[in-house]
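Student: My questions are about this predicted structure, shown below with the sequence.
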Amino acid sequence: MATEQLRWGVSPLCWTNDVLEDLGGDIPLDTCLREAREAGYQGIELGRKFPRQASTLGPLLAAADLRLASGWYSGMLADRSVEAELEAVREHAQLLRQLGAKVMVYGECGQLPGETPLDEPISLSPPSSRVSLAAYCHKLNTFADLLLRDYDLQLAYHHHLMMLVEHDDELERFLSHTHDNVGLAFDTGHAFVAGVEIPRVLHKYGHRIRHLHLKDVRPQVLGRLYRENLSFNEAVRAGLFTIPGDGCIDYAPILDFVRDSDYRGWLIIEAEQDPAMAPPLATARLYRAAPLWDCGTSSMSLRITRFRPRTLAMDWRRPSASQGTRSESRRGAVE
């Protein structure tokens, strides 16, 4: 596909974390927007410091010459009806539509453990068997259809650590039980950490991908995540995620997908880490939009290969569900 059809965006998580409020809490929104554009990006996702009124946010984005790429929505369809979800999403969906976004990233926040789920040990991640998959997917099918009909927004379901759809087998069952209007927000970092077979998913379900989050994983922190049974937030603080090319993900199949498929959505760089340890502007500049594609995908491939470790110790990868039950896999990984 022609590279001019691709759009590069950045997540505001590079500047301010949405959950861990002390990470980047002192960085103003105007700094985030200005530096995102200075780094060469065309768009940005919503963050917690963004105003939720189109009349306020629109001029801020325009002043920074940025488009709104999308915005995370914390859905609860695992716990409530489609009608209740449509009422809950109304203002968020209206904001996205008014500012020209075409995709809504949906994260399932129902059935999560504890009062602050991302502070719970990774071993407590809820299995998808906690819900009736057929009933849950039926609700998502309906919700996605109505979201498209009423707001012209495509649903992009975000598989996520500590959420119902996390591992390779769960993602496979989920995608096989939902129709094509239930798109996928494919996150390279969450996929790798959860043992998702990235090349297989890209090959089989690439047509379902509506949004791409590109990040990398530091193997030493991944080892600690399961060995020490850390929480998701503890792992983020420790530096689990970084920019593409600075970790251990093999980006070759991802680059092949972007180059060879019909994907025409956003490519979002999402360096979810402590801005005090990874200065946002310098970090974002490493993967600013234009230079990566000046010579086509090969330039990006060479750049990532140059930074990627040559040898990877794979024993810290958590076993897939096919190698045992969910709880057995976790015990083997953290003991």
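Tutor: Noted; the coordinates are in hand.

Student: Please list the residues outside the helix or strand where E85 lies that contact it.
Tutor: For E85, the host element (DSSP states H and E) is helix 82-98. Under the criterion C-beta atoms under 8 Å, 6 or more residues apart in numbering, residues 52-54, 57-58, 68, 70-71, 73, 75-77, 80, 104, 139, 142-143, 146-147, 150-153 lie in contact with helix 82-98. Yep, even glycine has a C-beta here, placed from its N, CA and C like the rest.

Student: ranges for the strands of this structure?
Tutor: According to DSSP state E, the chain carries its strands in the segments 7-10, 43-45, 67-70, 72-75, 103-108, 154-158, 182-187, 209-214, 216-217, 241-242, 266-269.

Student: Let me have those in TSV, adding mean pLDDT as columns.
Tutor: Shown next, in TSV, are the strands of the chain (pLDDT from 0 to 100):
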stretch	mean pLDDT
strand 7-10	95
strand 43-45	98
strand 67-70	98
strand 72-75	98
strand 103-108	98
strand 154-158	98
strand 182-187	98
strand 209-214	98
strand 216-217	97
strand 241-242	96
strand 266-269	96
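
Student: Using TSV, lay out the ones you listed together with distance to E35 and mean neighbour count.
Tutor: Compiled in TSV, those are given as follows (distance: least, C-beta to C-beta, whole Å; neighbours: other C-beta atoms under 10 Å):
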stretch	distance to E35	mean neighbour count
strand 7-10	9	24
strand 43-45	10	24
strand 67-70	16	24
strand 72-75	21	20
strand 103-108	22	23
strand 154-158	25	24
strand 182-187	23	25
strand 209-214	18	24
strand 216-217	20	24
strand 241-242	18	25
strand 266-269	13	26
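
Student: Give the rounded mean pLDDT of stretch 85-100.
Tutor: The pLDDT scores in stretch 85-100 average 98.

Student: rewinding a little: which of the strands of the chain sits closest to E115?
Tutor: strand 72-75 (14.6 Å; C-beta to C-beta).

Student: partner residues bridging E45?
Tutor: Bridge pairing for E45 (DSSP bridges) gives the partners S70.

Student: Make sure it is actually in contact with L66.
Tutor: No. With contacts counted by C-beta atoms under 8 Å, E45 stays clear of L66, the gap being 10.3 Å.

Student: What pLDDT does the model give the closest residue to P121 other than its chain neighbours?
Tutor: Excluding the flanking residues, the one nearest P121 by C-beta to C-beta, 6 or more residues apart in numbering is N229, at 4.5 Å. Per-residue pLDDT puts N229 at 98.

Student: With the one 3 residues further on instead?
Tutor: In this model, F232 is scored at 98, pLDDT.

Student: got it, and the one 3 residues further on?
Tutor: In the prediction, the pLDDT value recorded for A235 is 98.

Student: now it: how far from G189?
Tutor: Separation of A235 from G189 (C-beta to C-beta, to the nearest Å): 11 Å.

Student: Which of the contacts of helix 82-98 are buried? Put it as a PyMOL command.
Tutor: Buried subset of the contacts of helix 82-98, written as a PyMOL selection, criterion 16 or more other C-beta atoms under 10 Å:
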select buried, resi 54+57+58+68+70+71+73+75+76+77+104+139+142+143+146+147+151+153
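
Student: Which of the contacts of helix 82-98 fall in helices?
Tutor: Members of the contacts of helix 82-98 lying in helices (criterion: DSSP state H): 54, 57-58, 139, 142-143, 146-147, 150-151.

Student: And these, which two are furthest apart?
Tutor: Across the ones in helices among the contacts of helix 82-98, no pair lies farther apart than G58 and K139, at 32.0 Å, counting by C-beta to C-beta.

Student: send the alpha carbons of stretch 47-62 over as CSV?
Tutor: Taking C-alpha atoms only, stretch 47-62 is exported to CSV below (Å, rounded to 0.1, in the frame of the first residue of the first chain):
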residue,chain,number,x,y,z
GLY,A,47,-5.6,11.9,27.6
ARG,A,48,-6.8,12.7,31.0
LYS,A,49,-5.8,16.4,30.8
PHE,A,50,-7.8,16.9,27.6
PRO,A,51,-11.0,19.0,27.9
ARG,A,52,-14.1,17.0,27.0
GLN,A,53,-15.9,19.8,25.2
ALA,A,54,-15.4,20.0,21.4
SER,A,55,-15.7,23.8,21.5
THR,A,56,-12.7,23.9,23.9
LEU,A,57,-10.6,21.0,22.6
GLY,A,58,-11.1,21.6,18.9
PRO,A,59,-9.3,25.0,18.9
LEU,A,60,-6.4,23.6,21.1
LEU,A,61,-5.8,20.8,18.6
ALA,A,62,-6.1,23.2,15.6
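
Student: Show residues contacting that stretch.
Tutor: 11-13, 15-16, 18, 21, 28-30, 32-33, 44, 67-68, 91-92, 94-95, 98-99.

Student: Tell me the buried residues within those residues.
Tutor: 11-13, 15-16, 18, 29, 32-33, 44, 67-68, 92, 95, 99.
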